[in-house]
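> Here is my input; please provide its structure:
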Amino acid sequence: MTSIPGYDIGSVERVLRPLLETPSEQTDLFEDDPQIRAFLQTVVAGRLGELGLDTVTDEAGNVICEIGGGDAPGLVLFCYAMTHPAGRMVDPFVASRIVDADGVTRLRGRGASEQMGALAAAVLAAGAVAGQAADLAGPLVLCVSPAGETGRHDTARSFLAGHGGRVPPAACIVGIGTDNAICVANKGRVDAMIRVAGLAGHSSMPWRTKNAIDGARLVLACLDGIALAGDHPHLGRPTLTPTAIHSSPNATHTVQDCVEITIDRRLLPGDDPEEALADIREALEGIEGWDIELEPGPLMYPSDVPPDSPFVEVLRGAFAAAEHPDPPLTYSHGCIDAGLFSSRGIPAVMLGAGEQEMWHTIDESVSLEAVALTAQIYTAVALDLLT
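Got it, this is the predicted structure:
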């Protein structure tokens with residue numbers, strides 16, 4: 001294992017503070033929000049530029065920094081700019097310093113524990129690895145996506161189709177808060193949009209109508225009866241959950257002629273999303289007397305990297321070099337871009353400073369010491385894989 005630099009909390013804070021003090025919240029514009037694009041250019045690309053690193057921006061808005069030009073497969077650090085909305089969090093973009101009950105120094109702000117701690121660590125690691133760029137057999141590629149809260153693979157897909165396709169990566173670390181545990185597997189998800197059609201009319205004469213809400217009740221009962229196959233030793237069973245119901249027309253005293261139901265179908269590693277949708281279609285075909293349509297929604301792939309895989313062994317070695325042996329392995333029921341990389345044959349894990357229980361809370365914060373450790377791990381993995 002190549003020796004790696006340490007990172008003091010002062011240098012960590014200098015990188016993390018502007019990330020937290022510049023809003024990059026999720027809005028209805030998602031990745032196209034001008035605020036997020038400005039954050040990427042002024043704060044992220046600006047900081048990398050101060051380190052002497054060039055960046056490019058692709059069509060999806062990803063800011064990409066490549067270090068080293070070797071032809072060997074490289075390492076991708078894939079991080080995020082978009083945070084959860086500030087909501088009821090007071091002073092969400094002040095980045096105030098706090099010391100918790102254990103005496104640990106933390107920086108508070110929206111996104112601190114979810115995206116920004118890992119992003120700060122990736123920027124620090126990029127600066128450190130750049131000092132050894134001439135020795136790299138393959139590139140370290142830092143991609144900072146304008147996504148982060150969208151539930152889609154769009155920006156990661158754009159990265160892989162463009163810049164990431166020049167030299168297929170050997171591995172990927174998705175920078176997101178895992179409390180510096182190695183998250184080796186996660187569920188995927190395919191959404192299903194179900195539309196039930198009826199016949200509208202005045203609610204005083206329901207016998208002249210066909211209430212789509214009645215059809216929707218049959219659909220929900222039918223979905224409860226679908227047997228979901230599969231069981232993962234750490235992720236458990238797949239799930240099928242209605243997450244939204246909308247009816248129309250939006251008018252008083254009117255029987256509804258359309259109900260739209262959104263279904264969240266979680267996928268285990270190895271599940272075929274088309275088969276999952278086919279199970280839903282087959283169940284809906286058993287409902288007679290109703291016009292029911294199913295349209296596939298966004299798909300996010302599951303991921304599963306074996307704990308004894310070479311990449312996980314490199315990660316374990318990085319923790320050992322940072323004097324943190326035996327890092328815990330975790331498993332996520334959520335969906336993340338690791339699944340897309342894994343679906344392309346690129347082993348991908350989630351790893352970063354920040355506790356998941358802090359995500360989206362009114363007092364979200366991250367330990368500066370934890371961010372320093374994340375930066376050490378990112379640096380060590382890059383140097384071990386690429387030199």
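
> if I pick Q41, what's in contact with it?
By C-beta atoms under 8 Å, 6 or more residues apart in numbering, the contact list for Q41 reads T57, V63. All C-beta spots, glycine's among them, are computed from the backbone N, C-alpha and C.

> Quick check, pLDDT for it.
Per-residue pLDDT puts Q41 at 97.

> likewise P168?
Each residue has a pLDDT score; the one for P168 is 81.

> what comes up buried for the strand or helix carrying R265?
Per DSSP states H and E, R265 falls inside strand 258-267. Judged by neighbour count (16 or more other C-beta atoms under 10 Å), strand 258-267 contains these buried residues: C258, V259, E260, I261, I263, D264, R265, R266, L267.

> And for stretch 91-100?
Using 16+ other C-beta under 10 Å as the test for burial, stretch 91-100 gives P92, F93, A95.

> Could I get those residues in a markdown table, plus columns for distance to A122, secondary structure and pLDDT?
Shown next, in a markdown table, are the buried residues of stretch 91-100 (distance: C-beta to C-beta, whole Å; DSSP: H, G, I helix; E, B strand; the rest coil; pLDDT from 0 to 100):
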| residue | distance to A122 | secondary structure | pLDDT |
| --- | --- | --- | --- |
| P92 | 22 | coil | 97 |
| F93 | 21 | coil | 97 |
| A95 | 18 | coil | 95 |
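
> any idea which of those residues is the one closest to A276?
Closest approach between the buried residues of stretch 91-100 and A276, by C-beta to C-beta: P92, at 37.2 Å.

> hang on, the earlier thing: quick check: next helix or strand after the strand holding R265?
helix 273-284.

> Now do that next one: which elements does it pack against?
With contacts defined as 3 or more C-beta pairs under 8 Å, 6 or more residues apart in numbering; DSSP states H and E, the packing partners of helix 273-284 are strand 188-197, helix 212-224, strand 258-267, strand 291-300.

> V63 is nearest to which of the ones you listed?
If we rank these by C-beta to C-beta, the stretch that ends up nearest is strand 291-300, at 21.9 Å.

> so where's the stretch 1-150 of the chain shaky on pLDDT?
Residues of the stretch 1-150 of the chain meeting the criterion pLDDT under 70: 1-5.

> just the helices in it please.
Listed in chain order, the helices of the stretch 1-150 of the chain (DSSP state H, counting those that start in this stretch) span residues 9-21, 34-38, 46-50, 117-130.

> Let me know which of these is the nearest to C79.
C79 lies closest, by C-beta to C-beta, to one member of these: helix 117-130, at 4.4 Å.

> Report all helices and strands that that closest one contacts.
helix 9-21, helix 46-50, strand 63-67, strand 75-80, strand 140-145, helix 368-386.
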